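> Return a 3D structure for these sequence lines:
(chains A and B)
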Amino acid sequence: MGPIGENEFFFLMQGLKWTVLLAIVGFIGGGIFGILIALLRTSKTKVARRITAGFIGVFQGTPLLMQLFVVYYGVALLGIEVNAWIAVAIAFTLHASAFLGEIWRGSIEAVPKGQTEAANALGLHYVSRMKDVILPQALKISMPATIGFLVQLIKGTSLAAIVGFIELTRAGQIISNQTYRPLLVFGIVGAIYFIICWPLSHAGSGLEKRMAKAAR
Amino acid sequence: MLNTANDQPTLISLEDVQKWYGAFHALKSISLSVRKGEKIVLCGPSGSGKSTLIRCINALETIEEGKIVVEGQVLDGSTKSIDAIRREVGMVFQSFNLFPHMTVLQNCTLAPMRVRGTSHTDAERLARKYLERVRILDQAEKYPAQLSGGQQQRVAIARALCMEPKVMLFDEPTSALDPEMVKEVLDTMIGLARDGMTMICVTHEMGFARQVADRVIFMASGEIVEEAEPEVFFKSPKHQRTKTFLGEILAHH
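Numbering: from 1, shown residues only, chains lettered A, B, ... in the order given. Got it, this is the predicted structure:
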């Protein structure tokens, strides 16, 4: 058994950096495409609704691990030379956009119909109606679920290890193999995930309680 | 009566308007013309189509047959015609429908800025003018949830006025209010009527109808059953359905 010293800890922190970066990229990319998907899902065009419903169905109906594989090897099949980082970022963006799109679709539909009617009666067009009236209210409604999904996403980044991406979990595995102290190493790794995820979950449920009170 | 308006040009006309919700015939051959400056009160039992009727005028509802013309603009379902009509028609809803994430002032400035391209400064000046007119300027920085129902409805009236519409549609504006707040909203509406605004009001406030309406229209089962000047309408209704309705309504007031 080897000791767990500064070097090992530094290595874990390197992994953590990629975990956080991957979660951020997935969340931002997924946020941008997710808004688009939510808007298409709630649009008047039947084709747009169908296509986005299909997209959401596929990504919600398959494991994230499969999605990572498919994108990782799929991109290579297209003959495009990309490193693991890009492939994984694409996969997480697609994954997150499906889930966030569905969460936000629900939130857009949860905004009272009278808001759309008032905006229409005032002559506001689609862009202003969405940007100024509906989306600010929808995003507020969606906050607890959105934060909940972010927590899932952070933990989900551990699956990126499967395609050779050295994030926190993979870094832990490497250290564990070197030091033969799996319990201690994965205990630390788990604690790091917890320190990031728990405050987020806590904030999410706090927000939910406050909103439930406000709605009463 | 404030205004006989007989010599004024027609602002709104509906010809043989038909609307169905699935198999339900919501509006049956409605024809109506409203002159500039006229105040019309629409009443009738719930489900009679009165709200649907005014919601068709600003295209919140579509019609299956017939013709609606507002200020010479035929409502043909095109975006252009809908835009043109909504610019001239203001609406006040039963449930206020203020934007809860915006202050009173922001509620009032949004549409002039986005629809008319008014500058922020001018939109605020306009908003303050109309908030003053509905006597709620002191609450301009508050959010809707911090106001009473009556105050919220007055803000909603100011918000609609900020688009400087030629016609105001009121869809049961006092029905969601506590009794003690009805008067402040009605007084605001009476003030508007005095200033010559063309108004179509769906309401059961018969006192208001008597005081400001040029015509009272009674609807039942999607049809216009009777229309008359308020004096005639209340004293000698012709149809049995009108008599029954008035009997029920007036028994409450």
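> burial of the residue nearest to A:F11 when sequence neighbours are not counted, as a residue count?
Nearest residue to A:F11, sequence neighbours excluded (CB to CB, 6 or more residues apart in numbering or on different chains): A:A171, at 5.6 Å. All C-beta spots, glycine's among them, are computed from the backbone N, C-alpha and C. By other CB atoms under 10 Å in any protein chain shown, the residues close to A:A171 number 24.
> And the next helix or strand past the helix or strand where A:A171 lies?
Per DSSP states H and E: A:A171 is located in helix A:168-179. Moving toward the C-terminus from helix A:168-179, the next helix or strand (DSSP H and E) is helix A:182-215.
> Give the other helices and strands that that next one contacts.
helix A:6-41, helix A:135-156, helix A:168-179 (3 or more CB pairs under 8 Å, 6 or more residues apart in numbering or on different chains; DSSP states H and E).
> Now do the first one: which elements does it pack against?
Contacting helix A:6-41 under the criterion 3+ CB pairs under 8 Å, 6+ apart are the following elements: helix A:46-61, helix A:84-110, helix A:135-156, helix A:168-179, helix A:182-215.
> residues touching A:A160, list them.
A:L22, A:L68, A:A84, A:V88, A:F92, A:E167, A:R170 (CB atoms under 8 Å, 6 or more residues apart in numbering or on different chains).
> Can you turn the buried part of those into a ChimeraX selection?
To isolate the buried members of the contacts of A:A160 in ChimeraX, using 16 or more other CB atoms under 10 Å in any protein chain shown:
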select /A:22,68,88,92,167,170
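> pLDDT check: weakest of the contacts of A:A160?
In terms of pLDDT, the weakest of these is A:A84, which scores 82.
> That residue reaches A:A161, doesn't it?
No - A:A84 lies out of contact with A:A161 (CB atoms under 8 Å); the separation is 10.2 Å.
> which parts of stretch B:214-228 are buried?
B:214-220, B:222-228.
> Spatially, which two of the residues you listed are the most separated?
B:D214 and B:G222 (23.4 Å; CB to CB).
> what bits of chain A have low per-residue confidence?
By pLDDT under 70, the low-scoring segments of chain A are A:1, A:214-216.
> And for the stretch 151-253 of chain B?
B:252-253.
> Chain A contacts on that one?
B:A156, B:R159, B:A160, B:M163 (CB under 8 Å from any CB of the partner chain).
> Disregarding flanking residues, what is the spatial nearest neighbour of B:Q18?
B:E65 (3.9 Å).
> ok, which stretches of the stretch 1-150 of chain B are strands?
Secondary structure of the stretch 1-150 of chain B by DSSP state E, counting those that start in this stretch: the strands cover B:10-21, B:24-35, B:39-43, B:65-70, B:73-74, B:89-92.
> Contact partners for A:E109?
Per CB under 8 Å, 6+ apart, neighbours of A:E109: A:T42.
> What's the separation between it and chain B?
Distance from A:E109 to chain B, counting by CB to the nearest CB, to the nearest Å: 17 Å.
> before we move on, what about A:F9?
45 Å.
> Tell me which stretches of the stretch 51-200 of chain B form helices.
Using DSSP state H, counting those that start in this stretch, the helices found in the stretch 51-200 of chain B span residues B:79-88, B:104-115, B:120-133, B:149-161, B:179-194.
> any chance of these in TSV, plus mean neighbour count?
Below are these laid out as TSV (neighbours: other CB atoms under 10 Å in any protein chain shown):
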stretch	mean neighbour count
helix B:79-88	17
helix B:104-115	23
helix B:120-133	17
helix B:149-161	25
helix B:179-194	18
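> and these as JSON lines, adding distance to B:I54?
JSON lines is the format used below for the helices of the stretch 51-200 of chain B (distance: least, CB to CB, whole Å):
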{"stretch": "helix B:79-88", "distance to B:I54": "13"}
{"stretch": "helix B:104-115", "distance to B:I54": "19"}
{"stretch": "helix B:120-133", "distance to B:I54": "21"}
{"stretch": "helix B:149-161", "distance to B:I54": "13"}
{"stretch": "helix B:179-194", "distance to B:I54": "14"}
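> Can you tell me which of these is nearest to A:K44?
helix B:79-88 (12.1 Å).
> for that closest one, packing partners?
Against helix B:79-88 (3+ CB pairs under 8 Å, 6+ apart) you get strand B:73-74.
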